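A.B. asks: I need the structure of the sequence given here:
(one chain, ligands or ions: 2)
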Amino acid sequence: MKNFEADILHQVEDILNIGIALSMEKDHNRLLEMIVSEARRITNADAGTLYLRDGDFLVFKITQNETLQSFQGGSDNPINLPPVPMRLENVSSYVALRNESVNIPDVYSAEGFDFSGPKNYDKITGYRTVSMLVIPLENHEGDVIGVLQLINATDENKHPIPFSSDYEKVISSLASQAAISLTNQQLIEDIEQLFNSFVEVMAAAIDSRTPYNANHTRRVALLSGALAAVIDAEEQGCWAEVGFDETRTNQLVMSAWLHDIGKIATPLEVMNKCSRIERHLELIMQRLDYIMQKWRSEYLEKKLEMISYGNLYQEDLEALEANWAEQQLLIEQSRALIIRADNPATFVDGEIQQQLQQVAARRYVDEYGQEQPWLTEAELINLCVTKGTLTEEERKIMEDHVQVTQRMLEKIPFTNKLKDVPFFAGIHHEHLDGKGYPLGLKGDDIPLEGRILALTDVFDALTAADRPYKKALPIDQSLKILGFMVKDGELDGDLLDLFIRHRVWEMIESDQT
Ligand SMILES: [Fe+2]
Ligand SMILES: [Fe+2]
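C.D. replies: Ligands and ions are numbered 1, 2, ... in the order given. Down below sits the predicted model:
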């Protein structure tokens, strides 16, 4: 009796330990292997097969046969056997369909099932299938997700014997724990996949807000992942000790996918501003036309007056003509100046700014009799932007996207492995010299992930037609600019060296859409 109790206790302990081990195993293939080998160990079974259900089929996942020394399945050694259709005459399918165990002492004398499969197998291999214990893998929702088939329980002399009915309960208990672990694993994978697809869709939506660089986020994610792999493989120099395992890389790539998500809140007129005053240019041109027309009528009226009243003095007429010529010239020069200043390629220096101020200071009387400036204050501010198209205020709005990114991401309950995503994504515009934004982080305060994102982000902006008015630069010119940014203390020079040495941009070429 004591022995029996000890046995039971041992079995319960065994099952508990296996349950813990199963729930802790994160690798899908190892989990499947563990289910078969543990069940075989408990029952002294010589062989075992694990099937997982896929619709109307049972798919072979693991086969183990001690006598034949055949171990198949898992990631390294996939099984090429065709899936088993769900028919009641097949014992494994029966177990799956009926959700009940089957214990067969001798397959060759058993009736009710079609055992041509195992018999054929025996014929080919010289094996002898005797006993069989087939157990359904039922998850917490009562669904059979797979079948565990154990073959040939053995005695101490390794002779095949029937499976003791005591084992049915034990293996059923193991099978249900295994089913829960497998279902959990599947659920986690499903959630990860769902989240990843959601992130990709979001990124595509953000990118589509600007038609100029529709693959920006995707390219930054691919470049960052490729650069991380290069760092991880590097065995020399300052990178020898730096590793990027799967978890670290996943977090970096996720940060890349989400780095510009804050652009969802950036007004389109700022994000896609393609010249300094855009449609206002037409308004100003119409205004100048109006002024010109007014001056022209005044000139013609005066001329007519002179001629009709007969007090035509040559010098008066000449003065009138000269004034009119001057007025026309002034309008034309103003027009040319404004068109030039509107062009984003123009560097609006102090001299141009002064000329613009002179134009803006001029007044005319509109059709309502109101005195108006030639250029409004807002038009003058926009035209006086030295470089690019954005005013100081618009640049700040543009830069705000990083803080919005961080604020949005902080609301997402990332798992522990992705907990730094909001921080990494929010520091992709920081510069090593502390002059970046939004935090002005300096040197070592910027983690490697932040430096990688900063580098790949600028590289992509340079090599793509990033702004409406900007052409994509060739690689060599882009790398030169990145080199200047390193010299200016903005980007990490060691990282750029590695990026160039391994030509990381070529690694992602086949992955781009
Ligand atoms: Fe950004
Ligand atoms: Fe970006």
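A.B. asks: next one: phi and psi at Ile508?
C.D. replies: phi -100, psi 0 (degrees, to the nearest 10).
A.B. asks: swap that for Val102, sorry
C.D. replies: Dihedral angles (degrees, to the nearest 10) for Val102: phi -130, psi 130.
A.B. asks: Equivalent analysis for Val84, please.
C.D. replies: The phi and psi values for Val84, taken as degrees, to the nearest 10, are phi -90, psi 120.
A.B. asks: So what sits opposite it in the bridge?
C.D. replies: Note on Val84: beta-bridge partners by DSSP bridges are Leu58.
A.B. asks: any weak-confidence spans in the stretch 201-350 of the chain?
C.D. replies: For the stretch 201-350 of the chain, applying pLDDT under 70 flags the ranges 310-312.
A.B. asks: same thing with the chain?
C.D. replies: Scanning the chain for pLDDT under 70 picks out 1-2, 4, 75, 310-312, 466-470, 510-513.
A.B. asks: With adjacent residues omitted, what lies nearest to the closest residue to ligand 2 within the stretch 301-450 of the chain?
C.D. replies: Taking Cβ to the ion, ligand 2 has its nearest neighbour within the stretch 301-450 of the chain at His428, 6.4 Å off. Using the backbone N, CA and C atoms, a C-beta is placed for each residue, glycine as well. Nearest non-adjacent residue to His428, counting by Cβ to Cβ, 6 or more residues apart in numbering: Leu453, 4.0 Å away.
A.B. asks: Give the other helices and strands that the host helix or strand of that neighbour contacts.
C.D. replies: Following DSSP states H and E, one finds Leu453 within helix 448-463. Applying 3 or more Cβ pairs under 8 Å, 6 or more residues apart in numbering; DSSP states H and E, one finds that helix 448-463 makes contact with helix 216-233, helix 246-258, helix 421-425, helix 475-487, helix 493-501.
A.B. asks: now for these, which one comes closest to ligand 2?
C.D. replies: Nearest to ligand 2, of the helices and strands packed on helix 448-463 and by Cβ to the ion, is helix 216-233 at 5.7 Å.
A.B. asks: got the angle for that closest one vs helix 246-258?
C.D. replies: 160 degrees (axes from the mean of the first three to the mean of the last three Cα atoms, to 10 degrees).
A.B. asks: what about the strands in the stretch 51-200 of the chain?
C.D. replies: 57-65, 70-73, 84-85, 102-104, 132-138, 144-154, 160-161 (DSSP state E, counting those that start in this stretch).
A.B. asks: if you compare the ones you listed, which one is most tucked away?
C.D. replies: Mean neighbours per residue, mean count of other Cβ atoms under 10 Å, is largest over the strands of the stretch 51-200 of the chain for strand 132-138, with a mean of 26.
A.B. asks: Work out the gap between it and the centre of the chain.
C.D. replies: 41 Å (Cα atoms, centre = their mean, to the nearest Å).
A.B. asks: Could you list the paired strands of that strand along with their orientation?
C.D. replies: Note on strand 132-138: by DSSP bridges, its sheet partners are strand 102-104 (antiparallel), strand 144-154 (antiparallel).
A.B. asks: mind checking which of those strands is nearest His280?
C.D. replies: For those, the distance to His280 is smallest for strand 144-154, at 64.8 Å, taking Cβ to Cβ.
A.B. asks: Need the helices and strands packed on helix 448-463 in CSV (columns: distance to Asp460).
C.D. replies: Converted to CSV, the helices and strands packed on helix 448-463 look like this (distance: least, Cβ to Cβ, whole Å):
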stretch, distance to Asp460
helix 216-233, 5
helix 246-258, 10
helix 421-425, 15
helix 475-487, 9
helix 493-501, 12
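A.B. asks: May I see those arranged in CSV, with mean neighbour count and distance to ligand 2 as well?
C.D. replies: Putting those into CSV (neighbours: other Cβ atoms under 10 Å; distance: least, Cβ to the ion, whole Å) gives the following:
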stretch, mean neighbour count, distance to ligand 2
helix 216-233, 22, 6
helix 246-258, 21, 9
helix 421-425, 23, 10
helix 475-487, 15, 15
helix 493-501, 17, 16
